[in-house]
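K.L.:
dropping the sequence and predicted coords here.
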Amino acid sequence: MLSKFDLVVVNGLVVTASDISSFDIGIKDGKIHTLAPSFSSEDIGDAQVIDAEGAMVMPGGIDAHVHLCQDQKTDIGGGKCADNFETGSRSAVCGGTTTMVTFATQTRVEEDRSLLKVVEAYDARAQATGSYIDYAFHIIIVRDDKDVLEEELPVLVEKWGITSCKVFMTYETMRLQDYQLLDVMLAALKNSITTMIHAENGDMIEWLTQKLESKGMMAPYFHALSRPPSVEGEAANRAIVLAELIENPILFVHVGSSASANVIRAAQTRGLPVFAETCPQYLNLTWEDLKRFHSPTCFENSKMICSPPPSPDSSDQDALYIGLHNGTFTIFSSDHCPFKYDDPHGKMVGILDHEPSAATDGVPLTELAHKKVGRFSLIPNGIPGVETRLPLLFTRGVSTGRITPQKFVELTATNPAKLYGLYPRKGAILPGSDADLVIWHPEGALTSFKLTNEHLHHNVDYTPYEGMEFGNWPRYTICRGKVMWANDVLLGKPRDGQYLKRGPNQLGKGVAHFKKDPRRVAAWVHE
Ligand SMILES: *[C@@H]1O[C@H](CO)[C@@H](O)[C@H](O)[C@H]1NC(C)=O
Ligand SMILES: *[C@@H]1O[C@H](CO)[C@@H](O)[C@H](O)[C@H]1NC(C)=O
């Protein structure tokens, strides 16, 4: 019998950012078509059927912080990004993610002055391999060329639907000074572009790094000591003060410490449009993990290096969970930033660039690594995690009862869609929304297992969560009505994903701008 649907999902416990309820979902032409208490066999007809067997069905994950095809050429060393659009999106979809936002990056070289050219070149890299899942771009801005900001930002919004930019307060080759931050923020504000901020105090890091190195403290572990939590807290506070001056909505990416979460919370309490993101690594890793392998001075600890580093101990993690629960954190993203370990263009740069002679006698790199500690300031920063993001928060947040399933959906799908202008096409289960779904295993159906890197589908030779217990994992991932991942089998194709043009931030401008305060700079500076 002909069905009015292409695909139906039955017997699911459907979870949205607000509700949990059992109903069936009918999908037609890649969109959610009908929600019903339960379909009759007539309704179902010849449609493809997925029986969720009572498991949770959620909007597909939206990972708003993914680095792909983005080599690192900064003062923190040079590394080759291990994932392209094909391998990164493949990993994402096998972990329940159906949309990702990646970064087109301006650099300080003259050819990169034009943001439009940067985006076109980056788009070509995406087109070269295609993506399994839908994707959009943020733009990273590292210079404040007034003509470029004025002429090109409107085109980025109009033509590309790029409605978010990212700026850095650290890394010599990327950071903006305070007056430059104000320039970029004001230009962004005029175009309804949300400013994303990497908040770390670059001067403190540089000073601490020099002090550590002068004492011979160079092993990977000392990377964390070069960035104590106050480095992040100070920068977050400064960025809030700058943004408040012109009433610009900002989002703090990868918040890793309570020092930063607390100042963000205080700003939110004052009614400012301040949003925040945290990531899996800050919930599970601590300074102890940075010295986990072999010996405290082993190079293998470089596998855990990312910035900001995980916090000193689990007390900060408790604060981050509170922040996930109480709304301080708007979104939960992976900050997938993949570098291979056993690779002369990956983490090993931290040895090879430090001691160029080290590689010459044909000693395999890993063997070399066990005898050397390298130099943390040269190690490419970043860890992979696009595939483990949802299962990690599900296992450690939802299954433990720290956050509700609805909060999980809000943080991993609905809020990213609203913040970055994709809602309700994405991040929702509503008639007319894209049929992007993640379906978990029914409770108790999957015996908890220890993760190994072989489970994963990225192009990286390790996972920082090796050996970690997972209690659940996405059983099905559906993108625009197509089943992409089912029972541990990848079914999609690298050209199934489409580029997404985005609209403005839908989470509001905060209430501060209603104030009638004669000291309000924003009242005149926008003219
Ligand atoms: C919410 O969480 C943040 C971050 O941990 C914390 O600073 C704040 O005190 C919490 N607020 C409440 C009311 O619990
Ligand atoms: C991280 O995960 C491991 C493995 O599941 C667990 O033993 C450890 O307690 C976790 N660490 C924190 C700080 O949550």
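P.N.:
Structure's in. What do you need? Ligands and ions are numbered 1, 2, ... in the order given.

K.L.:
which SS class is the spatially most central residue of the chain?
P.N.:
For the chain, the residue nearest the mean C-alpha position is H65 (2.5 Å; Cα atoms, centre = their mean). For H65, the assignment made with DSSP: H, G, I helix; E, B strand; the rest coil gives strand.

K.L.:
contacts for stretch 152-163?
P.N.:
Stretch 152-163 has contacts (Cβ atoms under 8 Å, 6 or more residues apart in numbering) with 104, 114-116, 119, 136-139, 187-188, 190-194, 420-421, 500-505. To be clear about C-beta, it is placed using only N, CA and C from the backbone, and glycine gets the same treatment.

K.L.:
buried residues, stretch 184-199. List them.
P.N.:
Of all the residues in stretch 184-199, those buried under the rule 16 or more other Cβ atoms under 10 Å are 184-189, 191, 193-199.

K.L.:
do you know how far whichever residue of the stretch 351-500 of the chain sits closest to ligand 2 is from T395?
P.N.:
Among the residues of the stretch 351-500 of the chain, M468 lies closest to ligand 2, at 4.0 Å counting by Cβ to the nearest ligand atom. Applying Cβ to Cβ, to the nearest Å, the value for M468 to T395 is 8 Å.

K.L.:
who has more neighbours out of these two?
P.N.:
T395 (20 against 17; other Cβ atoms under 10 Å).

K.L.:
doesn't that one fall inside a helix?
P.N.:
Yes. T395: assigned to a helix according to three-state DSSP.

K.L.:
that one against P474, yeah?
P.N.:
No. Between T395 and P474 there is no contact under Cβ atoms under 8 Å: 11.9 Å.

K.L.:
S41 - how many residues pack around it?
P.N.:
The burial metric for S41, expressed as a neighbour count using other Cβ under 10 Å, is 7.

K.L.:
low-scoring stretches of the stretch 201-350 of the chain, by residue?
P.N.:
Within the stretch 201-350 of the chain, the stretches with pLDDT under 70 are 294-296.

K.L.:
give me the residue from it nearest ligand 1.
P.N.:
For the stretch 201-350 of the chain, Cβ to the nearest ligand atom, closest residue to ligand 1: G323, 3.3 Å.

K.L.:
in stretch 485-493, what counts as buried?
P.N.:
W485, A486, G492.

K.L.:
and the first one, which helix or strand is it part of?
P.N.:
Right, the one you point to is W485. Using DSSP states H and E, W485 sits within strand 482-486.

K.L.:
what's the first helix or strand after that strand?
P.N.:
Counting by DSSP H and E, what follows strand 482-486 is strand 489-490.

K.L.:
what does the stretch 301-450 of the chain put close to ligand 1?
P.N.:
Within the stretch 301-450 of the chain, the positions adjacent to ligand 1 are A319, I322, G323, N326, T328 by Cβ under 6 Å from any ligand atom.

K.L.:
keep only those of those residues that are in helices.
P.N.:
A319, I322, G323, N326 (DSSP state H).

K.L.:
confirm for me that the third one is in contact with V263.
P.N.:
No. With contacts defined as Cβ under 8 Å, G323 does not count as touching V263, sitting 11.8 Å away.

K.L.:
my read: G510 touches N248, true?
P.N.:
No. G510 is beyond contact range of N248, at 9.9 Å (criterion: Cβ under 8 Å).

K.L.:
neighbour count for the two, which is higher?
P.N.:
Per other Cβ under 10 Å, whichever of G510 and N248 has more neighbours is N248, with 27 against 19.

K.L.:
residue contacts, the more buried one?
P.N.:
M185, L186, A188, L189, T195, P273.

K.L.:
kindly recompute the last result at 10 Å.
P.N.:
Contacts for N248 (Cβ atoms under 10 Å, 6 or more residues apart in numbering) come out as 181-182, 184-190, 193-195, 239, 242, 272-274, 509-510, 522.

K.L.:
ok, now L422?
P.N.:
Neighbours of L422 in contact, by Cβ under 10 Å, 6+ apart: 62, 64, 99, 101, 134, 136, 161, 163, 413-414, 416, 428, 434, 500-503, 506.

K.L.:
same check, this time on P308
P.N.:
The contact partners of P308, by Cβ under 10 Å, 6+ apart, come to 170, 198-200, 205, 224, 227-229, 231-232, 235, 253-257, 259-260, 281-282, 381.

K.L.:
same thing but at 6 Å, please
P.N.:
E200, R227, E232, G256 (Cβ atoms under 6 Å, 6 or more residues apart in numbering).

K.L.:
okay, now the unreliable bits of the stretch 401-527 of the chain?
P.N.:
Residue ranges of the stretch 401-527 of the chain with pLDDT under 70: 512-514, 527.

K.L.:
which stretches in the stretch 301-450 of the chain count as strands?
P.N.:
Taking DSSP state E, counting those that start in this stretch as the criterion, the stretch 301-450 of the chain contains strands spanning 331-332, 437-440, 449-450.

K.L.:
after the last one, which helix or strand is next?
P.N.:
The first helix or strand that comes after strand 449-450 along the chain, using DSSP H and E, is strand 469-470.

K.L.:
tell me which parts of the protein are close to ligand 1?
P.N.:
Residues of the chain lying near ligand 1 (Cβ under 6 Å from any ligand atom): S258, A261, N262, R265, A319, I322, G323, N326, T328.

K.L.:
how does it look with 8 Å?
P.N.:
Within the chain, the positions near ligand 1 by Cβ under 8 Å from any ligand atom are 258, 261-262, 264-266, 319-323, 325-329.

K.L.:
same list (the buried residues of stretch 485-493) but as TSV, adding distance to ligand 2.
P.N.:
Formatted as TSV, these follow (distance: Cβ to the nearest ligand atom, whole Å):
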residue	distance to ligand 2
W485	23
A486	26
G492	29
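
K.L.:
among the residues you listed, which one sits closest to M58?
P.N.:
W485 (14.1 Å; Cβ to Cβ).

K.L.:
gap between the closest one and S334?
P.N.:
W485 is 17 Å from S334, where distance means Cβ to Cβ.
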